[in-house]
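Novice: need coordinates for the following:
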Amino acid sequence: MTGETDLARLLAGMRPERRPGSYVFATLPDDAVPAGLDPAMRFREAEGTTLILTGDEAARAGLDGAFPCGWITLAVHSSLSAVGFLAAVTARLAEAGIAVNAVSAFHHDHLFVPLARADETMALLRDLAGPSEP
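Specialist: Numbering: from 1, shown residues only. Predicted structure coming up:
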């Protein structure tokens with residue numbers, strides 16, 4: 001399955017789902033992720049490895065977590081080649097002054113937003129999607 005590419009369908013079909021808990025970003029100077037960690041995301045950059053994991057997990061591993069955030073999944077199967085979907089979503093959040101770190105995975109897009117504004121973000125995303133079908 002390749003996912004949806006039509007912007008109107010993507011926006012109308014997105015069902016934002018907030019995952020429980022608080023997440024943080026952490027960085028390691030190399031790709032040596034401490035044993036026992038199960039990060040939601042791991043990404044290697046030239047400067048080091050970025051992890052997104054729960055704040056509790058970061059603290060247990062002695063990692064400094066930055067950007068305490070809520071994790072929202074846009075539960076519509078967006079194509080990796082879809083044009084404008086994240087731009088529309090992030091533009092709406094920018095209008096409200098909400099910082100967002102977006103991660104695109106194979107099936108869905110995921111948003112990491114300031115924890116204190118996660119509920120507000122959910123409301124804005126539901127509004128952007130429009131009325132849900134009965």
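
Novice: quick one, helices of this protein?
Specialist: With DSSP state H as the criterion, the chain has helices at 7-13, 55-60, 85-95, 118-129.

Novice: for those helices, which one sits closest to residue 103?
Specialist: helix 85-95 (9.9 Å; C-beta to C-beta). Where C-beta positions appear, they are placed from N, C-alpha and C, glycine not excepted.

Novice: now the closest one: average pLDDT?
Specialist: What helix 85-95 shows for mean pLDDT is 93.

Novice: name the residues of it that are buried.
Specialist: 85-86, 89-90, 92-93 (16 or more other C-beta atoms under 10 Å).

Novice: so what touches stretch 89-97?
Specialist: Applying C-beta atoms under 8 Å, 6 or more residues apart in numbering, the external contacts of stretch 89-97 come out as 11, 14, 74, 99-100, 102, 109, 111, 113, 120-121, 124-125, 128.

Novice: now, the most widely separated pair of those?
Specialist: 11 and 99 (20.9 Å).

Novice: which one's more surrounded, these two?
Specialist: For residue 11 versus residue 99, neighbours defined as other C-beta atoms under 10 Å are more numerous around residue 11 (19 against 13).

Novice: OK, contacts around the more buried one?
Specialist: Residue 11 neighbours (C-beta under 8 Å, 6+ apart): 85, 88-89, 128-130.

Novice: distance to residue 31 for the residues you listed - can I get that in JSON lines?
Specialist: Below are the contacts of residue 11 laid out as JSON lines (distance: C-beta to C-beta, whole Å):
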{"residue": "85", "distance to residue 31": "30"}
{"residue": "88", "distance to residue 31": "34"}
{"residue": "89", "distance to residue 31": "30"}
{"residue": "128", "distance to residue 31": "37"}
{"residue": "129", "distance to residue 31": "37"}
{"residue": "130", "distance to residue 31": "42"}
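
Novice: need the residue closest to the centroid of this protein.
Specialist: Closest residue to the average C-alpha location of the chain: residue 111 at 2.2 Å, with C-alpha atoms, centre = their mean.

Novice: can I have the buried ones of the contacts of stretch 89-97 as a ChimeraX selection?
Specialist: The ChimeraX command for the buried members of the contacts of stretch 89-97 (criterion: 16+ other C-beta under 10 Å) is given here:
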select :11,14,74,100,102,109,111,113,121,124,125,128
